[in-house]
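**Student:** any chance you could fold what I've pasted below:
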Amino acid sequence: MTFEILNRTSPSRRSLLVGAGACGLAATLPSGLILPPAVAATGLAPTPTMPGGANNYVPNAPLVENLGRGFIVSGTVRRAGTGAPIPNVRIQIWAATERGGEREPSNRGSVMTDAKGVFRLEMSQILPSFGQPHAHLAYDDRAFETVFLRPVMPSRTDTSVQAHFVLA
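**Tutor:** Below is the predicted model of the structure:
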C-alpha cells in the first residue's frame with residue numbers, strides 16, 4: 001500500500017474536479033492533476049512543514065545508496081508556482097526501522113532528485129514509533145525554504161510511502 005503526502009494547502013481533489021466541471025475549463029499540471037482556471041492561474045502553493053517532521057533531525061545526512069531492503073520511500077520535488085520539477089536537490093530521509101530508532105545512524109541518509117525531480121530510497125521496514133509507523137523527510141538545502149514532512153502509514157505492514165515537496 002502507498003500513502004501519499006500531498007500539498008495540504010491545495011484544495012481537495014473533489015473540490016478541484018467539481019470546480020473544473022462547474023467552470024467547464026481546466027488546466028493540467030505536469031503531474032496530471034487537473035486544476036480549475038482560478039487555481040491554475042495562482043499556481044501551485046508551497047508545501048508547509050508538518051508538525052513533528054523535524055523530530056530527531058540531524059543536518060547533513062550523508063548521501064546513501066540504500067538504508068536496507070524491503071521498504072521504499074519515494075516522491076517528487078517541484079517548484080512552487082509553476083510545478084516544474086527540480087533536479088539535483090537533496091532529500092533527507094530517516095525513520096525507526098528493524099535496525100533501531102530514528103536516532104540510529106544507519107536509519108538516516110540523503111538522496112538526490114533525478115532530472116524529473118524524482119527521488120527514491122530503499123530502506124529496512126519502517127516500524128511504529130509512538131504507536132504510528134511513519135517516516136521523516138526533509139528538504140534542507142539553502143536554495144529553497146526548508147520543509148519537513150512526517151507521513152504516517154495506515155498500517156505497519158505497508159512497504160512504501162510517497163511524499164511530494166513543492167518548494168518556494
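**Student:** who does Q162 form a beta bridge with?
**Tutor:** E4, S74 (DSSP bridges).
**Student:** how many residues are close by it?
**Tutor:** Using other C-beta atoms under 10 Å, Q162 has 16 other residues around it. C-betas here are computed from N, CA, C, even on glycine.
**Student:** now the one 4 residues further on
**Tutor:** When counting by other C-beta under 10 Å, one arrives at 24 neighbours for V166.
**Student:** once you drop chain neighbours, what's closest to R156?
**Tutor:** Counting by C-beta to C-beta, 6 or more residues apart in numbering, R156 lies nearest to P133, which is 4.6 Å off, once chain neighbours are set aside.
**Student:** can you give the domain ranges for the protein?
**Tutor:** 7-42, 71-167 (automatic domain parsing).
**Student:** quick check: mean pLDDT across the longest one?
**Tutor:** Confidence over domain 71-167, taken as the mean pLDDT, stands at 95.
**Student:** mind listing the helices for the protein?
**Tutor:** Listed in chain order, the helices found in the chain under DSSP state H are 13-23, 37-42.
**Student:** lowest average pLDDT across those?
**Tutor:** helix 13-23 (a mean of 35).
**Student:** and T82, how many neighbours does it have?
**Tutor:** Neighbours of T82 using other C-beta under 10 Å come to 11.
**Student:** touching, it and A45? I think so.
**Tutor:** No - using C-beta atoms under 8 Å, T82 is not in contact with A45, being 11.9 Å away.
**Student:** all strands for this structure, in order.
**Tutor:** 4-5, 27-28, 34-35, 71-79, 90-95, 108-112, 118-123, 128-129, 132-133, 135-139, 147-149, 160-167 (DSSP state E).
**Student:** okay, and the beta partners of L121?
**Tutor:** Counting by DSSP bridges, the residues bridging with L121 are V73.
**Student:** got the contact list for it?
**Tutor:** By C-beta atoms under 8 Å, 6 or more residues apart in numbering, the residues touching L121 are V64, N66, L67, I72, V73, S74, I93, G109, V111.
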